[in-house]
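Visitor: got a sequence here, can you build the structure:
(3 chains)
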Amino acid sequence: MEYFWAFVIGGAICVIGQLLMDLTSYKFSPAHVLVTFVSAGAIISAFGLYQPLVNLAGAGATVPLSGFGHLLAQGTISGVKQNGLLGAFSGGVTAAAVGITAAVVFGYLAALTFRPRS
Amino acid sequence: MSDSMVISEKQKREYAEIVNQIKPKPRVWCNIFRAFIVGGLICLLGQFILSFFQNRGLNVNEAAAATSATLVFLAAFLTGVGVYDEVSRFGGAGGIVPITGFANSMVSSALEYRAEGLVFGVGSRLFTIAGPVLVWGIVTAWAVGIFYYFFT
Amino acid sequence: MVAPKKNGLQTVWFQNPPVIISTASVAGSREGEGPLGKTFDKIVYDTYYGENTWEKAEKQMMMDAMKKALQKANLQKEDVDFMLAGDLLNQIISAGFSARSMSIPFLGLYGACSTMYEGLALGAMLIDGGFAERVLIATSSHYNTAERQYRFPTELGLQRPMTAQWTVTGAGAALLAREGSGPVITHATIGKVMDMGIGDAQDMGSAMAPAAADTITCHLQDTGRKPDYYDLIITGDLGVFGKKLAEQLVRQNGYEIRDRFADCGVLIYNGSQDVHAGGSGCGCSAVVTCGYLMEQLRTGMYKRFIGIGTGVLLSPCSVQQGETIPGIGHAVVIEMRQGG
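Guide: Residues are numbered from 1 along each chain as shown, chains lettered A, B, ... in the order given. Purely as a prediction, here's the structure:
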């Protein structure tokens, strides 16, 4: 069942992104979509509304970039719980460290290894 | 605006109307369907990887992080061999919104600016699109933390 | 005081029409597979053209086109008085770097995708004005160099809207001379920059159509000619939708051009090539004019046509700052004379 929900919820989140691109002004580029999803994910997560989605859909909620926002927000909140104000500065990036480092390292290596084609 | 001295706003509006008659509308339903299928499949793949790591004894958070790293690796590889752009060309937001799309945005620009060197080429271009995402994500999460600190 | 060789508001006419003694076109593989593929002198299948960057490949294509044009006319570069060239890259490096290798006195041009026609108009003026015996004109564009400068990296997954156009990989060169055999340039109409408030950089056809329509109308008014005076009225790279718009705008100005109107960007690809609205770029009108249209004149398909090179004068900076897109169109009349 978790596979079913991962597919449906993951697909549905992407459809929201598609609607944002197709139905808004041309000025709303894919970069804007990504930024919107990260920020929206963090804000929804702050209200405690994203965790239920993760419980239901697993990767369907964590793989879209809104899940990345959720990760950052939850990291900050638990950082604040543990370290107070300083935690607001350390918690988010700590929680997202694996994703960020993976993206930078693999991105760097791919850029060294491959040659762009058309 | 000095432009309006040559062409009036009324003329511009009239022209915009003609353009809208001739310009094709995006095929919204077709795009929605494709975004759903492609995005869903990527998340489904993520779920398989997630279950795999959980079965190997990782806890939920560790497994989720390992899943992200694996997907990022796959997307970086597929971008390098020139396949990922086809995925998004077909799937639209279905290829852009998952973390694989984030990885694609980093690798594609770094790859293409390889000729400009390792510092100003690869080094800075990795963050052409990822930079704004990280900035907005980190600032929003920080604000959430500050809010949490003062109001709960 | 009206200049002696100027006709009406924007049109110049040439007393001794300069002759296009040779042309050459070099195109990429996608263009080569298109319907006009056979009319190009050379097809380059490798987007890198054996170089290590796409920018160098583009420069190499421009060099090839110029050398081929000289070779066809049996001339050396020393026989040419001036070289007029331009391209789409920042600070027109393809043209500048080609000129470095050619060492012909060089004037760099930037008219975005209209550069070929800007060059033909200026080259004809230099010759008819008595300042030059022979002028070499070249322009180029390359899909990959243009994409990464103006839009996004090519490996970035994106959906292109139906109005988006595909930058042509190719270069064209034309050699003009005071005398010789070949088609002649009789008139040129210099376009005004027009901006009707279109801001979407993925819809350049709509941004350019008003400028193209304005130049066509102005040319017909300046010369007192009717559209049927020409066998063909062909714009540079309006694409499918921009072409429809221009046709409609010219009709509103009182001229019907439907039966003889074409667009290089529409002709260069066929519908199955996933290029959406058609081709664009300096190379688009350049390879179609220097390849296909010259062949049509040679074989007698057409006797006389008016080509309108169209361009958008935007930059990535202006787009990000939310500026609307100014367009321009330059027209040149080319005809085959008897015994020419």
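
Visitor: ok, which stretches of the chain are helices?
Guide: Because you didn't say which chain, this covers chain A. A:2-23, A:30-46, A:50-57, A:59-62, A:65-83, A:85-113 (DSSP state H).

Visitor: chain C is the one I meant
Guide: Counting by DSSP H, the helices of chain C are C:29-33, C:54-72, C:93-102, C:115-128, C:143-150, C:204-223, C:239-252, C:264-267, C:282-287, C:294-298, C:316-320.

Visitor: tell me which of those is the most buried.
Guide: helix C:282-287 (a mean of 38; mean count of other C-beta atoms under 10 Å in any protein chain shown). Using the backbone N, CA and C atoms, a C-beta is placed for each residue, glycine as well.

Visitor: just the CA trace of that one, in PDB.
Guide: The C-alpha atoms that make up helix C:282-287 are tabulated as PDB, following Å, rounded to 0.1, in the frame of the first residue of the first chain:
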ATOM      1  CA  CYS C 282      21.500  34.600 -37.100                       C
ATOM      2  CA  GLY C 283      22.200  31.300 -38.900                       C
ATOM      3  CA  CYS C 284      18.600  30.700 -39.800                       C
ATOM      4  CA  SER C 285      18.100  33.500 -42.400                       C
ATOM      5  CA  ALA C 286      21.800  33.200 -43.300                       C
ATOM      6  CA  VAL C 287      21.800  29.600 -44.400                       C
END
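
Visitor: right, is it up against chain A?
Guide: No. Contact of helix C:282-287 with chain A (C-beta under 8 Å from any C-beta of the partner chain) is absent, the minimum separation being 14.5 Å.

Visitor: would you quantify the distance from the residue most central in space within chain B to C:Ser29?
Guide: Central residue of chain B (C-alpha atoms, centre = their mean): B:Ile96, 3.8 Å from the mean position. Distance, B:Ile96 to C:Ser29, using C-beta to C-beta, to the nearest Å: 28 Å.

Visitor: how about A:Leu72?
Guide: Distance, A:Leu72 to C:Ser29, using C-beta to C-beta: 45 Å.

Visitor: C:Met294 now?
Guide: C:Met294 sits 22 Å away from C:Ser29, going by C-beta to C-beta.

Visitor: my read is that C:Trp13 contacts C:Asn7, right?
Guide: Yes. Under the criterion of C-beta atoms under 8 Å, C:Trp13 makes contact with C:Asn7 at 5.3 Å.

Visitor: could you tell me which residues touch both of the two?
Guide: Counting by C-beta atoms under 8 Å, 6 or more residues apart in numbering or on different chains, the residues touching both C:Trp13 and C:Asn7 are C:His187.

Visitor: and the two? which has more neighbours close in?
Guide: Taking other C-beta atoms under 10 Å in any protein chain shown, C:Trp13 and C:Asn7 do not tie; C:Trp13 has more neighbours (19 against 16).

Visitor: residues contacting the residue in the stretch 101-250 of chain C that chain B sits nearest to?
Guide: As assessed by C-beta to the nearest C-beta, chain B sits closest to C:Gly157 within the stretch 101-250 of chain C, at 2.2 Å. Contact analysis of C:Gly157 by C-beta under 8 Å, 6+ apart lists B:Tyr84, B:Asp85, B:Glu86, B:Val87, B:Ser88, B:Arg89, B:Gly91, B:Gly95, B:Ile96, B:Gly101, B:Asn104, B:Ser108.

Visitor: please give the element, helix or strand, for the second one.
Guide: Meaning B:Asp85. helix B:84-91 (DSSP states H and E).

Visitor: contacts for that helix, please.
Guide: By C-beta under 8 Å, 6+ apart, helix B:84-91 touches A:14, B:34-35, B:37-39, B:75, B:78-79, B:94-96, B:100-101, B:104, B:108, C:154-160.

Visitor: what distance do you get for the nearest residue to C:Cys218 once chain neighbours are set aside to C:Leu220?
Guide: Distances taken as C-beta to C-beta, 6 or more residues apart in numbering or on different chains place C:Gln10 nearest to C:Cys218, at 5.1 Å, with adjacent residues excluded. With the distance defined as C-beta to C-beta, C:Gln10 ends up 11 Å from C:Leu220.

Visitor: what of C:Val319?
Guide: 33 Å.

Visitor: can you pull the pLDDT of B:Ser109?
Guide: What the model reports for B:Ser109 is a pLDDT of 89.

Visitor: any idea which element it lies in?
Guide: If you go by DSSP H and E, B:Ser109 is part of helix B:99-112.

Visitor: ok, back up a step: tabulate the helices of chain A (a markdown table), appending distance to chain B and mean pLDDT.
Guide: Below are the helices of chain A laid out as a markdown table (distance: least, C-beta to the nearest C-beta, whole Å; pLDDT from 0 to 100):
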| stretch | distance to chain B | mean pLDDT |
| --- | --- | --- |
| helix A:2-23 | 2 | 96 |
| helix A:30-46 | 4 | 95 |
| helix A:50-57 | 8 | 96 |
| helix A:59-62 | 3 | 97 |
| helix A:65-83 | 3 | 97 |
| helix A:85-113 | 3 | 95 |
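
Visitor: most packed of those?
Guide: Most buried among those, given mean count of other C-beta under 10 Å as the contact rule, is helix A:59-62, at a mean of 31.

Visitor: what distance separates it from the centre of its chain?
Guide: 9 Å (C-alpha atoms, centre = their mean, to the nearest Å).

Visitor: which strands and helices lie in contact with that helix?
Guide: helix A:2-23, helix A:50-57, helix A:65-83, helix B:28-55, helix B:60-80 (3 or more C-beta pairs under 8 Å, 6 or more residues apart in numbering or on different chains; DSSP states H and E).

Visitor: nearest residue to B:Thr70 in space, please, no chain neighbours.
Guide: B:Ile49 (5.2 Å).

Visitor: residue contacts, that neighbour?
Guide: Going by C-beta under 8 Å, 6+ apart, B:Ile49 touches A:Ala59, B:Ala66, B:Thr67, B:Thr70, B:Leu71.

Visitor: can you check C:Glu51 too?
Guide: C:Ala57, C:Gln60.

Visitor: where does it land on pLDDT?
Guide: Model confidence at C:Glu51, expressed as pLDDT, equals 95.

Visitor: same deal with B:Tyr84?
Guide: Note on B:Tyr84: pLDDT of 95.

Visitor: now C:Arg337
Guide: 88.

Visitor: ok, A:Ser118 next?
Guide: pLDDT, A:Ser118: 59.

Visitor: with C:Thr324 instead?
Guide: Value for C:Thr324, per-residue pLDDT: 95.

Visitor: which residues are in contact with it?
Guide: Here C:Thr324 is in contact with B:Asp3, C:Asp195, C:Met196, C:Gly197, C:Ile198, C:Gly199, C:Ala207 (C-beta under 8 Å, 6+ apart).

Visitor: related to what we said a few turns ago, so the residue nearest to the centre of chain B makes contact with A:Val35?
Guide: No. Judged on C-beta under 8 Å, B:Ile96 makes no contact with A:Val35 at a distance of 11.7 Å.
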